[in-house]
Every structure is written in C-alpha cells, then in structure tokens.
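Asks: just coords:
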DNA sequence: TAAGTCACG
DNA sequence: ACGTACGTGACTTAT
C-alpha cells in the first residue's frame, strides 16, 4: 500500500528499471469515457505488487497521495514507449488515464488479447484466466464492491480491501502474461495475429472510441415523434382487429390473440415450445388475416424508435457532445469485433425507414463522412482459400459474381441471367459462406429440398475447387480440432467430435464459415492499423469513427478529402495480396446514409 | 435472468 | 428420427 512520496518513489524506481511492468487501474465507473481514477496498481515481479490509493472517499478514509500530483509524476513513465507495459484489457485503463490527460504508450502485451488469440472460444475475464492457467482463485470484483443495487463504487471500498484486490490483479496479470506469451511466441501464425494485428489494433480502437461520432439528436427526436404517432395508429388498428386491447410487445399475449382468439394456425414453435410469432410466421399469417401485417409494421416502428431514435441521443457524452461506442476485441470467436453501449454495428440499412436513422450520423460543419467498404469480401476469400479457378477468374475479370454463379448453375449465358436467377444465386452464395445444407437453402428460397439439392450439386460441379475445399476443411477440422485464417488466426471447434449429431454438424458449419469470416476480420484490422498509422504520420485531422465488419467510416475535413478518400481505398485494397483482387467501394456525404 | 424478437455483416 | 446457414447486441416481457 503506497501512502506517501518516499514509497511512491521506491516503486517508480522499480518500474523505471523493469523490463516489463504490469499496471491496472481502479475507477468509479465501467463506462470508460466517464471513469475516474480511484487507484493504481503495479507489479514487476511475480508475487510482489503495490496499490496506490488516490481518491478513496468514505468516512474515516486515510490521507492518500494527491491524485493530480501523483499522475503528473507518473506521466512521463506512462507515456514512454520505452517503458514496456502489460495489462488485462489495457484499452480500458488507457481510456481512464486519457481521461486524466495521459496518453499511455508502450503497451506491448495484453493478457485479454493473448487469451483470445490462443483460445477465442473460452472466457477471458481475469478470474477465469487465473483459474485456468495458474490454478489460482482470485478475489472477485463482487467480493469487494458487491453487486446489483447494493453494490458500492470502488472509491467507497476501504483502502485495505482495495489493496488486496488490486495488487493481486496486477500480480496475477503479470503471471498470466508469463504463462500465455510463450505459447503464442512459439507459433509463428499466432504470434503474427497477436503482435501485428491484435496489439496494434487495440490502440486504433482506443482512438476510434475516443473520437466518437457526431449525432444529430434533433433529427432523431423528430423521427421518434413521427414513429410514435404511426405506432399509436397501428396499435389502435391492431386492437380493433383483435376485438380487444392487449400489449403488442408481449409475444405471449399476441399468441393468445392469434392462435386462441383468431384460431390462426401455429406455423412453428419457439425453442421453449410456445407458438412462435416471429417475422417469418407473421408474414405467412398475413396472407389470411390483416392483423399480422399491421403488427409487423408496428414492430418495425417500435424497434426503430426504442433502439435507435430514442436511445442514441441519450448516449451522447455530455463532455464531448458525441457518441462513444465500446469495441469489444475478445468477444466474437471468429476474430470479428463487436460493438456495445451503443452497438453501432447494427444501425438499420435494409429498409427505407430504417436508413433514415443513418441520416443522423453526421459530420461537423466543414467536414464530411467517408464510408469505405470491401466488396464481396467473404466470397473473395472463399475463392482465395479454395483456389477454385472459375471463381478466381470471375473475380479477376471484375464480373458480377452473383450473375456469374447464376450463369453457371442455371446454364445460361451471363447476359441472359434473369433477375430471379441472380437472386437465387445470391442466396446460394451466402449459403455457401455459412456452410449451408440443402434443407437450409430450401427454407431460405422457399423451394423444395430436392430442388435446393440439385442447385447445390450443380454449383459444386461447376466450382469443383470449392467442393474440394469444403471437404478438406471439414476433414482438417475433425483431425486437428481447429481451423485457421489466411493470416494464422486459430479457431477451435470443441464440438467437432461431439457424439451429438446436431452439435457436430453445427461445428462443421462453423469450420466452413470461420476461416472466411475470420480472414475478413484480419484484413479489416490490418487496414485499420494502416489507415490510422497513415493519419497519424501525416498529422491529419481526419478521424476514424466506426468499423462495421467490412466497412470503415471516417470523419474528414473538406480540405483533406482529396487525399483521404483515395488513400483509404489504396490502403484497404493493398493490405494483403490474395489470389483475387480486393475491391473497395467508397462514398462521401454529409451523413452516413449519403456516404453510401 | 431467460426468452423472444429483430437490428447488422 | 432429428435438426438444419455463420457471427453479434439491445429491447421488451415475464418470472
């Protein structure tokens, strides 16, 4: 427990001399942009760590080192790239220190990312890691701060309790690093993914999260009002059709109306056995009764209003006036990112009403939104991985790939492909990426299973390289228990040898899908590192503001547009040389919708 | 907290 | 006979 300046100086001497230091922060909030520092812990040697309480506030709390003075003293060490650091999810701690004006440098390791690279399908929280890799049961956060309504903020925790907890975290994190890093270092592919992709991209995500994105809250308020009015009318109409009022948002009450009152047929059941009222079911029922259609419209409006129009303005940070999402780097097993609080990776786009939400993602005066997305990225990766000549040639020639597939599967000249044939081919192509079955394809196209099977047979006849690749991938997954991306990301499939057929087949579909989805994730992460590196080296005011799996969104001052747009395209397409060209479509607009 | 539903790539 | 396309996160109801 570091309570005075001499003790602090003794620890500063240790961390300045150390080859690698683990550090951890304790804070007032889980929201990284709002969190304030309560204390710091450090560890340079297993079994020996310190806690520096800075702003514990409770009746009888001891005098602590002055927070701002201590941070000023530590700032050069934190900002130095020469002083190498490790953390557990250091992106969070870097946010906290950035909130106090410190730009942490030299974070060369992160145990969250190490665990993710080694076994993305496992849990990566520190308590789980400590148990799994060290056989140690650590003090849980809940044990010191409680949980739920009765929990207390960390600054209310006694400095004694906090010291045991926080110093242990720093110690255990360093020990975890020593257990995990050698396993990564020993495998060239894993080392590449960790050192050249995950560690650097964490810094890019930190910058993007802090950049935030500007939202036109008044536009969303207008839209929310309009949606509310439409919902009221639809609700009245549905109640009228039902002959009684009920809660439209309750699947249980809706089921009683549809299947009890109106005696409409049960199309399918939910996993728990209740009659389903999902979109597919309501579309079917809509052929026989007007109520389901009105309800579908109500659901669409309700989703837009509550999840987007009403919620996004509430997520605007009071200090910055912008929305700051959190990108989770160790959640999706395939290597993708996920986005939370708010999720900016599921903003509507498929319907005209939904797309209006995107009009509220704006650039400030004098700037524009640039959106750049990879075209058909996963199909291109399938062509590369399979080496299928027909597919590679089609991409090399810059052909419309769905038209090409339709021409092969239906045996007509590319120029004679009908729009329905192209639509079928598009569904087939998506299905391939997901490791589809004839059953799944049939359901999706609304055709007989035998017909779906014949399309698939035809496809694999025309693209034999793809058929061979899929077979090879399934076999490899069974033999090794894992598959990998082009760049060496390893994806484990614990269910691949399951005695349960459904689980095993599920794992086989994952084996097909994961290398494609995972390689796409690797590519865009490499592109993000290249783009952010270029922005910084050129000292541009352009900001990366969002990533949506195959798309990067930037906020670009008008004076930088002529340089940024073509260079982002170049960096994204040039990030790797696959056996097919990478193609990027980029657009500019005053908002996200117009940039598409 | 689970279940159902629906938004995205 | 069974189950059936991959990966996510948020909101609402019900318990």
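Replies: Received, thanks. This is a predicted model, so every value here is computed, not measured.

Asks: quick one: the strands in the stretch 151-300 of chain A, in order.
Replies: Counting by DSSP state E, counting those that start in this stretch, the stretch 151-300 of chain A has these strands, from start to end: A:214-215.

Asks: what does it put close to DNA strand C?
Replies: A:247, A:249-250, A:252-253 (Cβ under 7 Å from any atom of the strand). Where C-beta positions appear, they are placed from N, C-alpha and C, glycine not excepted.

Asks: neighbour-wise, which of these leads?
Replies: residue A:253 (15 neighbours; other Cβ atoms under 10 Å).

Asks: check contacts around that one.
Replies: Residue A:253 makes contact with A:246-247, according to Cβ atoms under 8 Å, 6 or more residues apart in numbering.

Asks: same check on residue A:337?
Replies: Per Cβ under 8 Å, 6+ apart, neighbours of residue A:337: A:205, A:327-329, A:331, A:345, A:521, A:547, A:549.

Asks: next one: it from DNA strand B, what distance?
Replies: 11 Å (Cβ to the nearest atom of the strand, to the nearest Å).

Asks: ok, which stretches of the stretch 351-500 of chain A are strands?
Replies: Using DSSP E, counting those that start in this stretch, strands in the stretch 351-500 of chain A cover A:361-362, A:367-374, A:482-484, A:490-492.

Asks: just read off the phi/psi values of the residue nearest the centre of chain A.
Replies: Geometric centre of chain A, nearest residue: residue A:338, 1.3 Å, by Cα atoms, centre = their mean. When read as degrees, to the nearest 10, the backbone of residue A:338 gives phi -130, psi 160.

Asks: doesn't residue A:332 make contact with it?
Replies: Yes: judged on Cβ atoms under 8 Å, residue A:338 makes contact with residue A:332 at a distance of 5.4 Å.

Asks: for DNA strand C, what are the nearby residues on the stretch 351-500 of chain A?
Replies: A:427, A:430-432, A:434-437, A:439-441, A:443-444.

Asks: for residue A:508, state which of these is nearest.
Replies: residue A:435 (6.5 Å; Cβ to Cβ).

Asks: count of neighbours near that closest one?
Replies: Residue A:435, neighbours per other Cβ under 10 Å, totals 21.

Asks: ok, back up a step: now tabulate the residues of the stretch 351-500 of chain A next to DNA strand C in CSV and tack on pLDDT.
Replies: Output for these, formatted as CSV (pLDDT from 0 to 100):
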residue, pLDDT
A:427, 93
A:430, 90
A:431, 91
A:432, 90
A:434, 89
A:435, 89
A:436, 88
A:437, 88
A:439, 88
A:440, 88
A:441, 90
A:443, 87
A:444, 87
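
Asks: check those for burial and list the buried ones.
Replies: A:427, A:431-432, A:434-437, A:441, A:444 (16 or more other Cβ atoms under 10 Å).

Asks: ok, and the closest non-adjacent residue to residue A:378?
Replies: residue A:516 (4.6 Å; Cβ to Cβ, 6 or more residues apart in numbering).

Asks: got the contact list for the one you found?
Replies: Residue A:516 touches A:378, A:381-382, A:385, A:433, counting by Cβ under 8 Å, 6+ apart.

Asks: now tell me which of those residues the prediction trusts least.
Replies: pLDDT across those is lowest for residue A:433, at 91.

Asks: any idea how far it lies from residue A:576?
Replies: Distance of residue A:433 to residue A:576, computed by Cβ to Cβ, to the nearest Å: 19 Å.

Asks: what's near enough to touch whichever residue of chain A sits closest to DNA strand C?
Replies: Ranking the residues of chain A by distance to DNA strand C (Cβ to the nearest atom of the strand) places residue A:431 first, at 2.1 Å. Each residue near residue A:431 by Cβ under 8 Å, 6+ apart is listed here: A:440-441, A:444.

Asks: from those residues, which is closest to residue A:64?
Replies: Among the contacts of residue A:431, and counting by Cβ to Cβ, the member closest to residue A:64 is residue A:440, at 60.4 Å.

Asks: please determine how far the closest one is located from residue A:466.
Replies: For residue A:440 relative to residue A:466 (Cβ to Cβ), the value is 17 Å.

Asks: can you check residue A:190 too?
Replies: In terms of Cβ to Cβ, residue A:190 sits 28 Å off from residue A:466.

Asks: also residue A:118?
Replies: 30 Å.

Asks: on that earlier part again, mind checking which of the contacts of residue A:516 land in helices?
Replies: A:378, A:381-382, A:385, A:433 (DSSP state H).

Asks: quick check, residue A:41 in contact with residue A:11.
Replies: No: in this structure residue A:41 lies outside contact range of residue A:11 using Cβ under 8 Å: 10.1 Å.

Asks: quick one: which of the two has more around it?
Replies: residue A:41 (25 against 18).

Asks: for the record, mean pLDDT for whichever strand or helix holds that one?
Replies: Following DSSP states H and E, one finds residue A:41 within strand A:37-45. Mean per-residue pLDDT for strand A:37-45: 98.

Asks: now swap in stretch A:282-298 and tell me
Replies: 92.

Asks: thought residue A:17 was touching residue A:84, still the case?
Replies: No: Residue A:84 lies out of contact with residue A:17 (Cβ under 8 Å); the separation is 11.9 Å.

Asks: those two: which has the busier surroundings?
Replies: A side-by-side neighbour count of residue A:84 and residue A:17, using other Cβ under 10 Å, places residue A:84 first with 15 against 10.

Asks: ok, and the closest non-adjacent residue to residue A:239?
Replies: Using Cβ to Cβ, 6+ apart, the closest residue to residue A:239 is residue A:245 (4.7 Å).

Asks: now residue A:408
Replies: residue A:462 (4.0 Å).

Asks: so what's that neighbour up against?
Replies: A:390, A:408-409.

Asks: highest neighbour count among those residues?
Replies: Result: residue A:409 is most packed of these (other Cβ under 10 Å), 22 neighbours.

Asks: where do the helices sit along the stretch 401-550 of chain A?
Replies: A:401-410, A:419-433, A:438-445, A:449-462, A:464-480, A:501-537 (DSSP state H, counting those that start in this stretch).

Asks: comparing these, which yields the minimum mean pLDDT?
Replies: Among those, helix A:438-445 scores lowest, at a mean of 89.

Asks: ok and it relative to helix A:449-462, angle-wise?
Replies: If you take axes from the mean of the first three to the mean of the last three Cα atoms, to 10 degrees, helix A:438-445 sits at 110 degrees to helix A:449-462.

Asks: residue A:476 - nearest residue in space that isn't next to it in sequence?
Replies: residue A:483 (6.6 Å).

Asks: got it, and residue A:478?
Replies: residue A:496 is the one closest to residue A:478 (Cβ to Cβ, 6+ apart), at 5.7 Å.

Asks: how close does the one you found sit to residue A:477?
Replies: 5 Å.

Asks: which neighbours do the two share?
Replies: Common neighbours of residue A:496 and residue A:477 (Cβ under 8 Å, 6+ apart) are A:507-508, A:511.

Asks: so how do I select the buried members of those residues in PyMOL?
Replies: Buried residues among the shared contacts of residue A:496 and residue A:477 (16+ other Cβ under 10 Å), as a PyMOL selection:
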select buried, chain A and resi 507+508+511
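
Asks: Throw the shared contacts of residue A:496 and residue A:477 into JSON lines and include distance to residue A:536, thanks.
Replies: Converted to JSON lines, the shared contacts of residue A:496 and residue A:477 look like this (distance: Cβ to Cβ, whole Å):
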{"residue": "A:507", "distance to residue A:536": "41"}
{"residue": "A:508", "distance to residue A:536": "43"}
{"residue": "A:511", "distance to residue A:536": "38"}
